[in-house]
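Novice: Coordinates for the following, if possible.
(one chain, ligands or ions: 1)
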Amino acid sequence: MEIRNLVRSFGGRRVVDGVSLSIQPGQVTCLLGPSGCGKSTTLRIIAGVEMQDSGEIHVDGSLICDTRFRVPPERREIGLMFQDFALFPHLSVEGNVAYGLSGNRDEKRARVEEMLDRVRMSRFIDMFPHQLSGGEQQRIALARALAPRPRIMLMDEPFSGLDNRLRDGIRDETLAILKEEDTGVLLVTHEPEEAMRMADEIALMRNGRIVQQGAPYNVYTRPVDRASVAFFSDANRFGAVVDGALAVTPFGPFLAPGVADGTLVDIVFRPQHVKIDFDRAGVGPAPTAIEGTAARAQVIRARFMGNESLVEFRLDDSGALIKSTVPGVFLPQPQTVMWLRVRRDKCYVFPRQEVAE
Ligand SMILES: Nc1ncnc2c1ncn2[C@@H]1O[C@H](COP(=O)(O)OP(=O)(O)OP(=O)(O)O)[C@@H](O)[C@H]1O
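Specialist: Now for the predicted structure:
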């Protein structure tokens, strides 16, 4: 599926602002972004239940909609799955899964049995939705959406109604089934962790636009701006003014190639990339090319988070707050003096933009 330059405005506001995307067979593409950024509207346009103001959608090279021509939703061969599963309460499991199928009674029954077997729900065939748990309903919704062999599956926060304990297992099962069916999937989520777990490709969306698209590793490790770093995890930042292509900070100078002198830049890094050293009689570790200069800081508070500890510091020099995470249990007392460093290859330098995040 090729989506080209979709635009949709409500009340003069561009909610979808030039979205282009391609979805490949057998691949899961995640549309990831904060609440209200236009993900669901994009999905609804693709499904055919919302009209775009401009832009085109093609499947296997043929046009399915632009602003004049429009294949109706039921003929788009698109499977839909939403957060609330939307099973028909008055139909049995068999009736639900058979709903979108064509063919005679035996053919339909055979496909229903095949799909129920695939989602390991065969023994529930005669039950009704209200008799099923959330996880079971999710599997029936998946079977129903996949039964007509859609070319594309659109999934809008399909796991958010499930409790945490179930969710990981069901995500993995769902992913395995989608891969077996070789369907192209566009999955909408606001949870980075879900996108990292499910996606072959992440399209990061903000304010109606796709700001970055790529494999999860690339989107995480090569963010395009500060908001993209902060969307995936806590992010430390402090400002510095560039002078001679260098931004001088309490952690030593950072290269800022191509940035004009006098520009305010943000130095951004994740808490797991802060290296901590103990104070040795008022002296910290010597500067190195990779880790720069150590900055003296005091512990403000330390909290145990399960797999890691979160330690917050205040830098002596600038008073800036720095968060760091350390694997396991590390709970230094408040006011303990320590020295912090950050690896240059884990820091990002961005000209400061005051954008809505
Ligand atoms: N029919 C409509 N009329 C007016 N405004 C709308 C309409 N549909 C959506 N919007 C607005 O468009 C914006 C984007 O909504 P959308 O549902 O696409 O966001 P989203 O990224 O899916 O958010 P969420 O994760 O909260 O569902 C929101 O501000 C919403 O209020």
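Novice: Just give the number of residues close to whatever residue of the stretch 151-300 of the chain ends up closest to the ligand.
Specialist: Among the residues of the stretch 151-300 of the chain, H190 lies closest to the ligand, at 5.0 Å counting by CB to the nearest ligand atom. All C-beta atoms are positioned from the backbone trio N, CA, C, and that covers glycine. Counted with other CB atoms under 10 Å, residues neighbouring H190 total 18.
Novice: do you know how far it is from I23?
Specialist: H190 sits 19 Å away from I23, going by CB to CB, to the nearest Å.
Novice: Around the ligand, pick out the residues from the stretch 151-300 of the chain.
Specialist: Proximity of the stretch 151-300 of the chain to the ligand (CB under 6 Å from any ligand atom) is limited to residues H190.
Novice: Show me the shaky parts of the protein.
Specialist: For the chain, applying pLDDT under 70 flags the ranges 85, 354-357.
Novice: Show the subsequent helix or strand relative to the longest helix along it.
Specialist: Identified as the longest helix of the chain according to DSSP state H is helix 164-181. Following helix 164-181 in sequence order, the next helix or strand is strand 184-189 (DSSP states H and E).
Novice: contacting residues around Q335?
Specialist: By CB atoms under 8 Å, 6 or more residues apart in numbering, Q335 lies in contact with Q298, V299.
Novice: what about it, which helix or strand?
Specialist: Using DSSP H and E, no helix or strand contains Q335.
Novice: roughly how far apart are A294 and I267?
Specialist: The gap separating A294 from I267 is 15 Å, by CB to CB.
Novice: who has more neighbours, those two?
Specialist: Using other CB under 10 Å as the criterion, A294 and I267 rank with A294 on top: 24 against 20.
Novice: wait, isn't the more buried one in contact with V283?
Specialist: No. Using CB atoms under 8 Å as the test, A294 is too far from V283 to be in contact (9.4 Å).
Novice: Tell me if Q212 really is in a strand.
Specialist: Yes. With DSSP: H, G, I helix; E, B strand; the rest coil as the criterion, Q212 is part of a strand.
Novice: residues contacting it?
Specialist: Residues counted as contacts of Q212 (CB under 8 Å, 6+ apart) are I202, A203, L204, V219, P223, V224, S228.
Novice: Output those residues in JSON lines, with distance to V342, neighbour count and secondary structure appended to each entry.
Specialist: Shown next, in JSON lines, are those (distance: CB to CB, whole Å; neighbours: other CB atoms under 10 Å; DSSP: H, G, I helix; E, B strand; the rest coil):
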{"residue": "I202", "distance to V342": "25", "neighbour count": "28", "secondary structure": "strand"}
{"residue": "A203", "distance to V342": "29", "neighbour count": "27", "secondary structure": "strand"}
{"residue": "L204", "distance to V342": "24", "neighbour count": "24", "secondary structure": "strand"}
{"residue": "V219", "distance to V342": "21", "neighbour count": "26", "secondary structure": "helix"}
{"residue": "P223", "distance to V342": "16", "neighbour count": "22", "secondary structure": "coil"}
{"residue": "V224", "distance to V342": "20", "neighbour count": "14", "secondary structure": "coil"}
{"residue": "S228", "distance to V342": "18", "neighbour count": "21", "secondary structure": "helix"}
